[in-house]
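Engineer: Generate coordinates for the sequence data below:
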Amino acid sequence: MPQLPAPDYPADVRARLETDAKEVIARYPDSRSALLPLLHLTQSEEGYVTRTGVRFCAEMLGLTTAEVTAVSTFYSMYRRKPSGDYQVGVCTNTLCAVMGGDAIFDELKQHLGVGNNETTEDGKVTLEHIECNAACDFAPVVMVNWEFFDNQTVESAKQLVDDLMAGEQVTPTRGAPLCTYKETARILAGFPDERPGAVGATGGAGPASLIGLRLAKGEAVPGRTPGPRDAAPRDTPPQPGSEHLSSHDAPQKTAASDPANPTGPVAEEGK
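Structural biologist: Numbers count the residues shown, from 1 in each chain. Have a look, this model is predicted:
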């Protein structure tokens, strides 16, 4: 059966959101360009894009609800159903997967008792598998509300979600301090992050990610000479300042695929 028109926000909520929306719209020469931040704004109110949020965006921008729905359902950053205070995303793209991301995701599903894009009963954690987050030199990576937790293991990831559900303070590996999903959505809508120290925090890429940039600038980078298939690679001596905590160039016990637990073929090619 066709759905009835979406209800409006309560009058006080509507007035507050209209004030915020007009501030966002004023940043753009064409009002419809403000749709993406307005969708984040509605998420900051209810935690996901509701039918009421779609109606609000359409009315503020002179669009149809079909046009707004088409955009909100295209991007994975907009939630389509109620979600938790903390969006826990496990990267399962190729590198993170083979470094342990698949194992982390499978274990967290069992540990939390939820499936992909499902939320724990207490409303604290929503679990999802996500695609590449451009942090491959720190694989496997888990993100909470888009903040990085690098070089994860099954046990560290389980401890992470346990701490989130217990209300413990959790600190990302790098980047801004953690806040709730609704607070994150408001920041993504373009409003100031007023938390002390948050703006000054940084989550820059690791050295392995920046080698291409260094080469483009004509800088020297440490070389690596691959050896025979059955021999360890012969590395050139590291340059001063080149050390880092990447899970590749400085292996740690991050996954079953680390050097202490080889998972590759044991026979020579062709055998």
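Engineer: what about the strands in the stretch 151-271 of the chain?
Structural biologist: 224-225, 234-235 (DSSP state E, counting those that start in this stretch).
Engineer: between those strands, which gets the lowest average pLDDT?
Structural biologist: Lowest mean pLDDT within the strands of the stretch 151-271 of the chain: strand 234-235, a mean of 45.
Engineer: which SS state does residue 127 fall under?
Structural biologist: strand (DSSP: H, G, I helix; E, B strand; the rest coil).
Engineer: Please apply the same query to residue 143.
Structural biologist: Residue 143 ends up strand, using three-state DSSP.
Engineer: Show the pLDDT at it.
Structural biologist: Predicted confidence (pLDDT) for residue 143: 93.
Engineer: in the sheet, who's paired with it?
Structural biologist: Under DSSP bridges, the beta-bridge partners of residue 143 are residue 89, residue 148.
Engineer: give the contact list for it.
Structural biologist: 87-89, 91, 130, 133, 149 (CB atoms under 8 Å, 6 or more residues apart in numbering). All C-beta spots, glycine's among them, are computed from the backbone N, C-alpha and C.
Engineer: Residue 52 versus that one, what's the distance?
Structural biologist: Distance of residue 143 to residue 52, given as CB to CB, to the nearest Å: 28 Å.
Engineer: Out of the helices and strands in this structure, which is least certain?
Structural biologist: Within the chain, no helix or strand scores below strand 234-235, which has a mean of 45 by mean pLDDT, DSSP states H and E.
Engineer: Give me the distance between residue 45 and residue 12.
Structural biologist: 12 Å.
Engineer: For the two, indicate the residue with more neighbours.
Structural biologist: For residue 45 versus residue 12, neighbours defined as other CB atoms under 10 Å are more numerous around residue 45 (20 against 8).
Engineer: Name the next helix or strand downstream of the helix ranked longest in the chain, please.
Structural biologist: Criterion DSSP state H: the longest helix present in the chain is helix 11-25. Moving toward the C-terminus from helix 11-25, the first helix or strand encountered (DSSP states H and E) is helix 35-46.
Engineer: pretty sure residue 116 is touching residue 130, no?
Structural biologist: No: Residue 116 is not in contact with residue 130 according to CB atoms under 8 Å; the separation is 10.0 Å.
Engineer: who's more crowded, those two?
Structural biologist: Between residue 116 and residue 130, counted using other CB under 10 Å, residue 130 has the larger neighbour count: 20 against 12.
Engineer: give me the beta-bridge partners of that one?
Structural biologist: Beta-bridge partners for residue 130, by DSSP bridges, are residue 91.
Engineer: check contacts around it.
Structural biologist: Residues in contact with residue 130 (CB under 8 Å, 6+ apart) are 76, 89-92, 143.
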